[in-house]
Each structure stands twice: as C-alpha cells, then as structure tokens.
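Q: sequence plus predicted model, see below.
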Amino acid sequence: MRSDDESIASGGAQPRRTDEGEGYPEVETIPVIDEELVAEPERRKTGAVRVEKRVEQRVEKVEGPVIREQVEVRHIPMNRVVQKVPPIRREGDTIIMSVVEEEVVVTKRLVLKEEIHLIKRRTRENSTQDVVLNREVAEVRRYDAEGRVVESPQPARQRRLRRRSVLD
C-alpha cells in the first residue's frame, strides 16, 4: 500500500481506512474546478480625428451671351399745323414723341415741327469674363491616444462638380 504522501504526489485520491463502518475504505473526493471567461467590451481612447474645411478660390473664364440695347434717335421734320399736342405713341419697336412750338401769327396755331423716333435694336454677342468660383476642401487628420498626429494617407482624388451657369 501507498502512503498518503505517495498518494498526494501521484495526484490521485487514496482510500483511507476507517474503524467505523463495515470495513469499506473512505474515499476522499477532490472537487474539479472549471473557470469561465466572460469578455465584456471596454471603451478606451486610442486616437482621434480632426476635420478642417477651408474655401479655395480660383478664377475661371465664363463665356455666354450678352444682350445690349441701343437706341437710335432720328429727328424727322414735320412743319405741320396741328390743333393739339399729339400723344406719345408706339409703332413696333419705335416710340414717337412730338415736338411742338407756338408761332405768333395773326392767329395762334400749333405747328408740328418734328417727330422724334426712338428705335430699339437688340444685338447679341458672346462675352468672356473672369469669374471667381469657391470650392470647399476638407482635410482629415488622425491623432493617436497621446494626441500625436498619425500619418494620414494621401486624400482621395477630389471630385469636381461642374456648376451650370444661368447663361447655359
């Protein structure tokens, strides 16, 4: 038979004899312990991100139609006697204003001296002008937990949006 020390050294449980009972050896029970791991997330600051925006300006040539109006003034002699001042009137694109003068004669009468014809003409021509356009650019910086700047990858190619002109 082994001694209790041998039993402990071999890692097994050794039955012990007791005087009580019917001569059955008493068995020592060793409990088996099972550990379980419960993992729960824990928030920890590992870095930060800073986004800055700025506006860039560029000058771009914009071409579009420009409408100009010119007025031609014609003096048309009339030298006609009238009873009253003719009203201002319109014939197509022409505005007609009468100029009268009183003449002293044995009798007083209105003489239509001339008419002024104002003719409106429109011309259309292309014009090129410098226009300032604005664009926002975002810059992203990453920081580690100690607040140091972490190298950021080169920014992705920026998409350019074409703005449509009112003149298109």
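A: That came through, no problem. In this text the structure is predicted, and so the values were computed from the model without any measurement. Numbers count the residues shown, from 1 in each chain.
Q: tally of neighbours for E136?
A: Residues contacting E136 under the criterion other CB atoms under 10 Å number 8. C-beta: built from backbone N, CA, C; applies to glycine.
Q: any buried residues in the helix or strand harbouring G64, and which?
A: Using DSSP states H and E, G64 falls within strand 47-82. By neighbour count on 16 or more other CB atoms under 10 Å, the buried set for strand 47-82 is M78.
Q: can you pull the contacts of T94?
A: Contacts of T94 were listed using CB atoms under 8 Å, 6 or more residues apart in numbering, and they are H117, L118, I119, K120.
Q: centre-most residue in the protein?
A: The centroid of the chain falls nearest to E136 when counting by CA atoms, centre = their mean (7.5 Å).
Q: and the helix or strand where it lies, what does it pack onto?
A: Using DSSP H and E, E136 falls within strand 109-144. Counting contacts by 3 or more CB pairs under 8 Å, 6 or more residues apart in numbering; DSSP states H and E, strand 109-144 packs against strand 47-82, strand 94-103, strand 149-150.
Q: which one of the ones you listed lies nearest to E125?
A: strand 47-82 (6.0 Å; CB to CB).
Q: need the contact partners of the following helix or strand past that closest one.
A: Counting by DSSP H and E, the element after strand 47-82 in chain order, helix or strand, is strand 89-91. Applying CB under 8 Å, 6+ apart, the contact partners of strand 89-91 are I95, I96.
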